[in-house]
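Peer 1: Just to be clear, the model below is a prediction. Sequence and coordinates:
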Amino acid sequence: MTKKPISNQEIAAILRGVGEYLAMQNVPWKPQAYERAALGVEEMDRELGDIYKEAGAKALLGVPGVGRGIADHIEELLKTGKLKYYDSLRKEVPVDVAGLSRVEGLGPKSIRKLYELLKVRNLKDLEKAAAAGKVRELKGFGQKAEEKILKGIEFAKTVGVRFRLGQVVSQVASLVKRLQALDGVEQAVAAGSYRRRKETVGDVDLLVVSGRPEDVMRNFVKVPGVVRILAEGGTKSSVRLASGLQVDLRVVPKESYGAALNYFTGSKEHNVALRQLAVGRGWKLNEYGLFKGTRRIAGATEEELYAKFGMDYVEPELRENTGEIEAARRRALPKILGYGDLMGDLQVQTDWTDGSASIEAMARAAAARGLSYIAITDHTKRLAMTNGLDEARLLKQMAEIDRVNRKLKGKITILKGTECDILKDGTLDIEDKVLAKLDVVGVSVHSHFNLPRQEQTERVLRAMRNPHADILFHPTGRIIGRRAPIELDMDRVIAEAKKRKMVLEANSYPDRLDLRDAHIRAAVAAGVKLAVDSDAHAPEHFPLLEFGIAQARRGWATRDDVVNAWPVAKMKACLRKDG
DNA sequence: GCCGTTTTCGGCCCGACTGTTTTCAGTCG
């Protein structure tokens, strides 16, 4: 019973694996069904283990893409940690499908053939066979295929799969700029998961409007930084940059711009759902437009496209087929937070601890960014390595803030705050009587990341119950790609936040983005307020707020849900010690 | 295997590019 229950990620991986094996066997339709279910599981904001424990097997049917059959599989996985069906498939064709699929151009059919004819089970076998020239002899393969495989293996070995959004923005911006400057290019934009502002992107999709696609293609594959051309056609090309990032380019005529942008922005699931809507009305939707017979009835702009379907325009950040299409059809999509909507920032560090700049410099930078207030929230003494503040220094800092406020009067308001450490037992690192003097008390976990779920949750809940605590900063503590989130029962955290009018943070730092989108959505649905903060440690960090706003948008948050999108007085009134 | 303002059965999105193809399967997005 003490054994850790299987996680959503693990369940999704197994379902995906089943789909891959079925695809290898040429089974129709089922592979897509398993893949869809895997995606549905991944996108859940709650652990299936919790849902199952609470509401039983029937509740599993609520997961998008999960029906009777797969619900049974999931129940078996939750009960035993294993899936007999999966194990028997693996036994039949004992191949590392996931590993081999990472090789560019290798899909289930080829993998099966390689196994049956050359006994290739994994990347190592494949490399050996290809190097020995055995692959080219197979029917359906050839010289080129073998070379491609060898290069693909090299790549699969060296590079991780996804990039953080923050890692690619400048590369993408310069690519777009370069394309815009080309002769004959009317428009160039980045689409794909980049435009949807997903926290990580697997590749970058660029869209260009031009009447001279060949010229654009010729120039594109020669852009500096391109180390490999994966495909080059008349209207579609694919390259690999030195950074490992794959970039796809598509060129379309002007009248198709909206349809192409929609198609290339995705998500794939959103697109499929839209196309199904089209089919249902006897239309056809592709990247060139929306067609009734051979007549184009929409497609020049995305707005036109959605209007034709009789729906609200769907912002790119919402296009994940997680209910946005139904809501848009009911004309019930929320008006999500805008990129210019933030008025303040409630987590800012200075050179009193691990920030690089003074209170005044940070305040001026925030004002230049258009903010009308910030809270200074330096670390506390438990975080000794950051020179965290004790009570005495915190009091001194408050006096300094008073001084700077007088100096900057009319430019910006500086609030007194803290990023107070949550100790192992859930108590706080600063005495209550000092916390009571602050405008904004943020509390956060910076230690003991590996406590068991029950203990970790109790710890955080206890901190939230401190009468002075206002905001739970970066609730899960994750660092994308580097540190797993702490084990936290987010349902209980959200319920506690609701009960105590505590604000949850959506941290904008691109490698935190904590809360993640699904949790934001759950918090919003529960009526819990959010703070979208920069967590700035330097004056140049305020633009990072864009990432936090994006994440809040992906979580369907509106201006009403985000306290620092409000004027300072209203925001302060909402913090729970006044509420 | 999933799913339902046409349906509880019979559908299931659509097109570009590649390689090895004499007309297309496989892969990808």
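Peer 2: Yep, it's here. Not measured: the values here are computed from a predicted model.
Peer 1: For the stretch 1-150 of chain A, what lies in contact range of DNA strand B?
Peer 2: A:28-30, A:32-34, A:36-37, A:61, A:64-71, A:101, A:104-111, A:136, A:139-146, A:148 (CB under 7 Å from any atom of the strand). C-betas here are computed from N, CA, C, even on glycine.
Peer 1: tell me, how many neighbours does the closest residue to A:Ile479 other than its chain neighbours end up with?
Peer 2: Counting by CB to CB, 6 or more residues apart in numbering, A:Ile479 lies nearest to A:Asp511, which is 5.3 Å off, once chain neighbours are set aside. The local packing of A:Asp511 (other CB atoms under 10 Å) involves 19 other residues.
Peer 1: On the three-state scheme, A:Asp511 is what?
Peer 2: coil (DSSP: H, G, I helix; E, B strand; the rest coil).
Peer 1: Need the pLDDT of it.
Peer 2: pLDDT recorded at A:Asp511 is 87.
Peer 1: Contacts only, for it.
Peer 2: Counting by CB atoms under 8 Å, 6 or more residues apart in numbering, A:Asp511 makes contact with A:164, A:166, A:479-482.
Peer 1: now swap in A:Val172 and tell me
Peer 2: The contact partners of A:Val172, taken as CB under 8 Å, 6+ apart, are A:190, A:194, A:204, A:206.
Peer 1: where along the stretch 251-400 of chain A do the strands fall?
Peer 2: Assigned by DSSP state E, counting those that start in this stretch, the strands in the stretch 251-400 of chain A fall at A:284-286, A:289-292, A:295-298, A:344-348, A:373-376.
Peer 1: the helices in the stretch 451-579 of chain A, which residues?
Peer 2: A:453-464, A:490-500, A:517-526, A:545-554, A:568-574 (DSSP state H, counting those that start in this stretch).
Peer 1: Buried residues in the second one, which are they?
Peer 2: Neighbour-count burial for helix A:490-500, with 16 or more other CB atoms under 10 Å as criterion, is recorded at A:490-491, A:493-494, A:496-497, A:500.
Peer 1: before we move on, the earlier item: any chance of TSV for the strands of the stretch 251-400 of chain A, columns mean pLDDT and distance to A:Trp556?
Peer 2: Formatted as TSV, these follow (pLDDT from 0 to 100; distance: least, CB to CB, whole Å):
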stretch	mean pLDDT	distance to A:Trp556
strand A:284-286	91	25
strand A:289-292	92	26
strand A:295-298	91	26
strand A:344-348	97	21
strand A:373-376	97	25
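Peer 1: And those strands: which comes nearest A:Arg553?
Peer 2: strand A:344-348 (17.2 Å; CB to CB).
Peer 1: Let me see the residues that make contact with the closest one.
Peer 2: By CB under 8 Å, 6+ apart, strand A:344-348 touches A:355, A:362, A:366, A:371-377, A:415, A:417, A:419, A:440, A:442, A:471, A:473, A:505, A:507, A:531, A:533-536, A:542, A:545, A:563-564, A:568, A:571.
Peer 1: filter the residues you listed to the buried ones?
Peer 2: Those of the contacts of strand A:344-348 that meet the buried threshold are A:355, A:362, A:366, A:371, A:373-377, A:415, A:417, A:419, A:440, A:442, A:471, A:473, A:505, A:507, A:531, A:533-536, A:542, A:545, A:563-564, A:568, A:571, by 16+ other CB under 10 Å.
Peer 1: that's a strand at A:Glu186, yeah?
Peer 2: Yes - under three-state DSSP, A:Glu186 falls within a strand.
Peer 1: Next, the contact list for it, please.
Peer 2: Each residue near A:Glu186 by CB under 8 Å, 6+ apart is listed here: A:209-211, A:254.
Peer 1: got it, and A:Thr294?
Peer 2: Counting by CB under 8 Å, 6+ apart, A:Thr294 makes contact with nothing.
Peer 1: quick one, phi/psi of it?
Peer 2: The phi/psi pair for A:Thr294 (degrees, to the nearest 10) reads phi -100, psi 0.
Peer 1: pLDDT score assigned to it?
Peer 2: The predicted local confidence for A:Thr294 is 86.
Peer 1: Which residue is the nearest non-sequential neighbour of A:Ala188?
Peer 2: With CB to CB, 6+ apart as the criterion, A:Ala188 has its nearest non-adjacent residue at 3.8 Å, and that residue is A:Leu179.
Peer 1: same question, A:Arg482
Peer 2: Using CB to CB, 6+ apart and skipping residues adjacent in sequence, the residue nearest A:Arg482 is A:Asp511, 7.2 Å away.
Peer 1: could you measure the one you found against DNA strand B, distance?
Peer 2: 24 Å (CB to the nearest atom of the strand, to the nearest Å).
Peer 1: what does A:Gly133 give?
Peer 2: A:Gly133 is 12 Å from DNA strand B, by CB to the nearest atom of the strand.
Peer 1: which residues touch that residue?
Peer 2: So A:Gly133 contacts A:Glu146 (CB under 8 Å, 6+ apart).
Peer 1: now it, what's its secondary structure?
Peer 2: With three-state DSSP as the criterion, A:Gly133 reads coil.
Peer 1: Kindly state the pLDDT recorded for it?
Peer 2: Looking at A:Gly133, the pLDDT reads 86.
Peer 1: Flag every buried residue along the worst-scoring helix or strand of chain A on mean pLDDT.
Peer 2: Every helix and strand of chain A was ranked by mean pLDDT, DSSP states H and E. The lowest is helix A:143-158, at a mean of 81. Judged by neighbour count (16+ other CB under 10 Å), helix A:143-158 contains these buried residues: A:145-146, A:148-149, A:151-153, A:155-156.
Peer 1: could you dump these to JSON lines with distance to A:Arg559?
Peer 2: As requested, the buried residues of helix A:143-158 are arranged in JSON lines below (distance: CB to CB, whole Å):
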{"residue": "A:Ala145", "distance to A:Arg559": "54"}
{"residue": "A:Glu146", "distance to A:Arg559": "57"}
{"residue": "A:Lys148", "distance to A:Arg559": "50"}
{"residue": "A:Ile149", "distance to A:Arg559": "52"}
{"residue": "A:Lys151", "distance to A:Arg559": "49"}
{"residue": "A:Gly152", "distance to A:Arg559": "47"}
{"residue": "A:Ile153", "distance to A:Arg559": "49"}
{"residue": "A:Phe155", "distance to A:Arg559": "44"}
{"residue": "A:Ala156", "distance to A:Arg559": "44"}
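Peer 1: before we move on, back to that, check the buried residues of helix A:490-500 against DNA strand B and report the nearest one.
Peer 2: Minimum distance to DNA strand B across those is 22.8 Å, recorded for A:Asp491 (CB to the nearest atom of the strand).
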